[in-house]
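1. Sequence first, then the predicted structure, then my questions.
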Amino acid sequence: WWAGCEALVGATEAEYAGGCGGNRAREAVGTMSTTANRRLSHFTRTFLGVKPRDFLIGVLLVGSCGLSFFGGSKMHEERVAHDAARLRGTSVSTHPVAPPHNRRRRGEHLTVETTPIQSRTLYATPVAVGRGDTATGRGGGNAVAPHGGHTEHRPARWRILVFANQRLDSLKRLCNSLLAAHINETVALNFYLERAQPREIYDYASGFHWPHGPVQVMARHTQGGLINAIIEGWYPAGDEEWGFFLEDDIEVSPYFLQWAQTSRRICELDRLCIGISLYSPMLNEFIKPKRVLTQDLRAMGAGPAYTAQIPCSWGAAYRPEPWRKFRRWALYQQREGKYGGELNLALASGWAASWKRYLLELMLVMDWTLLYPFIDDGHAAYSTNHLEVGEHIKVVDDKDHRREHYEHPLLQKPPPELTHTPTLRLDHLYNEVAATLEQAQIQRIRLRDLPPTGCNAYSLDGHREIVEPGLGVTVVMTFFYTKARFPAFLANARKFCSYAIVKRIIIVWHNRDFRPPTMAVCNAELGTTAHFLMPRVPDTLSNRFIPTYRILTNAVMTVDDDILITERDTARMSTVLEAGGYNQVVGPFPRWYSTKNVKLDGEAGSVKQLKYLYKPGKPGAHPLGYPIMLTKVHLSHYSLYYHYYCDEAYTSQRETVQQMRNAEDLLYIKVAADRFLPPSLFVATADPIQDSGTVGLHSKGGHNEARSMMLQLCGYNDSYWNTKVVLPPGTELSQYADAIYTDQHDRVLER
């Protein structure tokens, strides 16, 4: 009985939309279960003396008349006026009910959005189900594509997001170009309307017939602006759905989807590729004055496609997972007002009011690229911008916005096969420095030329939004450019790049006489990159712990430029760190200190005096185990960088490090100990560690005295000591006797 009532309610809605009749009632009876039919038959025949079908038809007719009498007449009048206007080719200002070819049928989905400003309902195009006459929209069926192909409404791999604001003619031009496109699969369509649009735009969007998939209309009731519209406009429904972003002044080629399908296959093979562009930019907007890109692209061998570290808003589709990360990043940056970060704002000086500024920053941090077409020497594309006055462009055809630099002829041919896709890094666009580890341009660096770094350009909460989950290591090397040390540094950097566990190398560069490349692809197969970071505060050992969004992983390995450990040991230490919840500093170089009570002159009592030990001391001179892990090479959680570099509680100790040019590792262990005890964990290596350094801080006079003073300043105590050691498989603790502390290691230390 209840199943029959639910079916009847659905049938009544459908019959009201299509006029009175009994077909839907008969279908409603057909959907009822056998038990429900038997009960309904018993009720109608016993008490009413009629057949169940006749009873339901009567209820339907009475219900339809009741709807018409108690207020349905107004809705019916609006529908009649709407239909008549459609036949005349005009529009009317009535309640925007769905046109006849969009009438809802049983089994269809109807998306309804309400905007309080207009106090009315917007209807979106339903999805046809089953088979039938798609020209009229009756009877269900697969929608027929404009060029004869059939579109089955399966889960969409593509979602088109159309953003409209005050430009009806532009919106119609874009939608007509979408309808004229060769589309051979399900494509969902979303309209996003800014607050207080003309009535004609609401009517057009709500009545738009899209034969290739579901349609949704969203209308803002408060002013949002284009930045918020883009950021909030799409949250991917799954890992297969890509989002097309099209503003209303865009027009697409009939072959835009074929290009997207072809380039998507290439993009999905590259973990750094976050999407595909339909548009081919003609200008380099990162330098002043702007310069035509064609010659640069031709020189690098671009064609028919290339990847670039440039976001696109003039027709582009983005992958789901990078877009989710971008949303988190952009919303955090908006909330905290942290835009700019450690990147030079000159890179996006013309995009102050654009959502692309957030994506550009993240693309540089993450090494992301977008795949662009370069067909017919860059003089045509699969989308074009018509350069209309709007939120960003106030004057057309001025010195900064000439139509010939922005408008493209639309390609009228299928896309070519894609094979080679060279990458245009922002290095090439901005400072034109060679993106290789070997080359460095000799050019004195001025402080004002450097992007902000350190605490003012960093947020720990913002970093959490983008750090990669799971195992992986970011290697941080500190390098003072000298000819003697450069070969070893370069060899070690290349070796780390070859490790699968290493996701990125960050090189903290201190020599102001040599500008390094901003970044370099050091392993194209793995997609590993090396980023060169130039701190604004030079010549301090604390810079090796400078916090940066460029750290991609939870685990960060701090390593001297002359130290190399094997990939196997790097992975082992990373696993140990992750297994312990990132609550220790793990490494293969423990150190010690001894304690001595010293009486104060002329005063009662004594104080503990700490003495730094390069090798284990005598039994009884210190607790069992080890308290320190050298930064020669160690792994820790990236958050410790922030606490070391930015926490005001360690200001005096950091100043001492800068004055002494020593003991930054001892302060780092102190920072760790304030958060977990014991702070260090010794992980013995399975393979020999290569140390190519011959001269270091330990060889300078006063080295041990300076480190002893830092131990005292940091307040080292017995809680720092650890007796545990992680051994490689198949080894014995006695093999590491000289590397731990004294004798009787098996008895004292835990495996």
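-> Sure, I can see it. Every value quoted in this text rests on a predicted model; they were computed, and no experiment measured them. Numbering: from 1, shown residues only.
2. Run through the residues that contact the closest residue to Val537 other than its chain neighbours.
-> Using CB to CB, 6 or more residues apart in numbering and skipping the chain neighbours, the partner closest in space to Val537 is Asn543 (6.8 Å). C-beta coordinates here come from the backbone N, C-alpha and C atoms, glycine included. For Asn543, the contact set (CB atoms under 8 Å, 6 or more residues apart in numbering) comprises 478, 508, 510, 535, 537.
3. one more time with 10 Å, if that's ok
-> 453-454, 476, 478, 508-510, 533-537, 645, 658, 664 (CB atoms under 10 Å, 6 or more residues apart in numbering).
4. now do Tyr332
-> Contacts of Tyr332 by CB under 10 Å, 6+ apart are 338, 358, 459, 461-466.
5. now with 7 Å?
-> 461-462, 465 (CB atoms under 7 Å, 6 or more residues apart in numbering).
6. Torsion angles phi and psi at Asn492?
-> phi -70, psi -40 (degrees, to the nearest 10).
7. Please report how far His637 lies from Lys503.
-> From His637 across to Lys503, the span is 15 Å (CB to CB, to the nearest Å).
8. ok, then the element right after the strand or helix carrying Cys175?
-> Element membership of Cys175, judged by DSSP states H and E, is helix 168-179. Downstream of helix 168-179, the next assigned helix or strand under DSSP H and E is strand 187-193.
9. and the residue nearest to Val537, which of the three is it?
-> Following DSSP: H, G, I helix; E, B strand; the rest coil, we place Asn543 in the helix state.
10. same question, Leu635
-> strand.
11. wait, isn't it in contact with Pro588?
-> No - the pair Leu635 / Pro588 is not scored as a contact, 10.2 Å apart, by CB atoms under 7 Å.
12. Who has more neighbours out of these two?
-> Leu635 (27 against 22; other CB atoms under 10 Å).
13. Please name the residues that touch that one.
-> Counted by CB under 7 Å, 6+ apart, Leu635 has contacts 473, 555, 557, 573-574, 577, 586-587.
14. Look up how far Arg568 lies from it.
-> If you go by CB to CB, the gap between Leu635 and Arg568 works out to 14 Å.
15. before we move on, what about Trp210?
-> Taken as CB to CB, the span from Trp210 to Arg568 is 55 Å.
16. Can you pick out the residue with more neighbours from those two?
-> Neighbours were counted for Trp210 and for Arg568 using other CB under 10 Å; Trp210 has more, 22 against 14.
17. State the three-state secondary structure for that one.
-> From three-state DSSP, the assignment for Trp210 is coil.
18. Check the contacts of Tyr332 against Ser206 and report the nearest one.
-> Glu465 (35.9 Å; CB to CB).
19. Okay, the closest one and His510: tell me how far apart.
-> 30 Å.
20. in the stretch 301-450 of the chain, which ranges drop under the pLDDT threshold?
-> Confidence mapping of the stretch 301-450 of the chain against pLDDT under 70 gives the ranges 337-353, 389-401, 420, 424-450.
21. was I right about Leu552 contacting Thr474?
-> Yes - with contacts counted by CB under 7 Å, Leu552 reaches Thr474, the gap being 5.4 Å.
22. what sits in contact with each of the two?
-> In contact with both Leu552 and Thr474: 503-504, using CB under 7 Å, 6+ apart.
23. wouldn't Tyr382 be in contact with Leu257 here?
-> No - with contact defined as CB under 7 Å, Tyr382 does not reach Leu257; the gap is 9.0 Å.
24. Buried ones only from the contacts of Tyr332, please, as a ChimeraX command.
-> Entered in ChimeraX, the line below selects the buried ones among the contacts of Tyr332, by 16 or more other CB atoms under 10 Å:
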select :462,465
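25. where along the stretch 601-750 of the chain do the helices fall?
-> Counting by DSSP state H, counting those that start in this stretch, the stretch 601-750 of the chain has helices at residues 639-646, 651-660, 664-673, 703-714, 737-740, 745-748.
26. Now do Val683 against Lys632, distance only.
-> Val683 is 13 Å from Lys632, where distance means CB to CB.
27. Looking at those two, which has the bigger crowd around it?
-> Val683 (25 against 20).
28. I'd like to know how many residues surround the residue lying closest to that one once chain neighbours are set aside.
-> Excluding the flanking residues, the one nearest Val683 by CB to CB, 6+ apart is Val726, at 4.4 Å. Val726: 18 surrounding residues under other CB under 10 Å.
29. Out of the helices of the stretch 601-750 of the chain, flag the one nearest Cys175.
-> helix 639-646 (48.4 Å).
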